[in-house]
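Trainee: A predicted structure for the sequence below; I have some questions about it.
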Amino acid sequence: MPNQQSKYELLKSLEQDANLTQRQLSKELGISLGKVNYCLKILIQKGFVKINNFKNSNHKLQYSYLLTPKGVAEKTKLTIMFLKIKTEEYEVLKKEVEKLTNAETGK
């Protein structure tokens with residue numbers, strides 16, 4: 001099962017451009033081609049992504065990865081989860097900075 005970060009990154013990238021190849025996704029996300037392939041298979045099995053194939057002008061088979069309504073809902077859920085995590089991290093760092101600033105000024 002792909003981790004939440006990988007799943008979110010893939011869903012986000014595919015929402016922006018459904019015609020990215022697995023190789024392009026690998027390069028864009030900084031993960032291996034094998035991991036992209038594995039994650040996409042799982043996202044397709046779970047019904048988050050639908051795959052369409054078509055022939056381009058060079059007669060090569062090309063794929064388009066479309067987010068399903070279920071995939072959009074999952075991406076939204078993951079976005080909210082990551083925003084909560086980042087907000088909590090921000091609050092912890094903010095308190096740490098305040099504590100260090102107060103220690104320096106002698107408060």
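Mentor: Received, thanks. Numbers count the residues shown, from 1 in each chain.
Trainee: Run through the chain and note the low-pLDDT ranges.
Mentor: Low-confidence segments of the chain (pLDDT under 70): 1-2, 54-61, 107.
Trainee: all helices of it, in order?
Mentor: All helices of the chain, identified by DSSP state H, fall at 4-16, 22-29, 33-45, 69-105.
Trainee: Now distance to Tyr63 too, for those helices, in a markdown table please.
Mentor: Every C-beta, even on glycine, is put in place using the N, C-alpha and C of the backbone. Shown next, in a markdown table, are those (distance: least, Cβ to Cβ, whole Å):
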| stretch | distance to Tyr63 |
| --- | --- |
| helix 4-16 | 11 |
| helix 22-29 | 8 |
| helix 33-45 | 9 |
| helix 69-105 | 15 |
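Trainee: Return the distance of the nearest residue to Ser6 once chain neighbours are set aside relative to Glu15.
Mentor: Nearest residue to Ser6, sequence neighbours excluded (Cβ to Cβ, 6 or more residues apart in numbering): Cys39, at 5.5 Å. Distance of Cys39 to Glu15, given as Cβ to Cβ, to the nearest Å: 15 Å.
Trainee: how about the helices of the chain, which one is nearest Gln62?
Mentor: Closest to Gln62 of the helices of the chain is helix 22-29 (Cβ to Cβ; 11.2 Å).
Trainee: Which strands or helices does that closest one pack on?
Mentor: In this structure, helix 22-29 makes packing contacts with helix 4-16, helix 33-45, judged by 3 or more Cβ pairs under 8 Å, 6 or more residues apart in numbering; DSSP states H and E.
Trainee: Many thanks, I have nothing further to ask.
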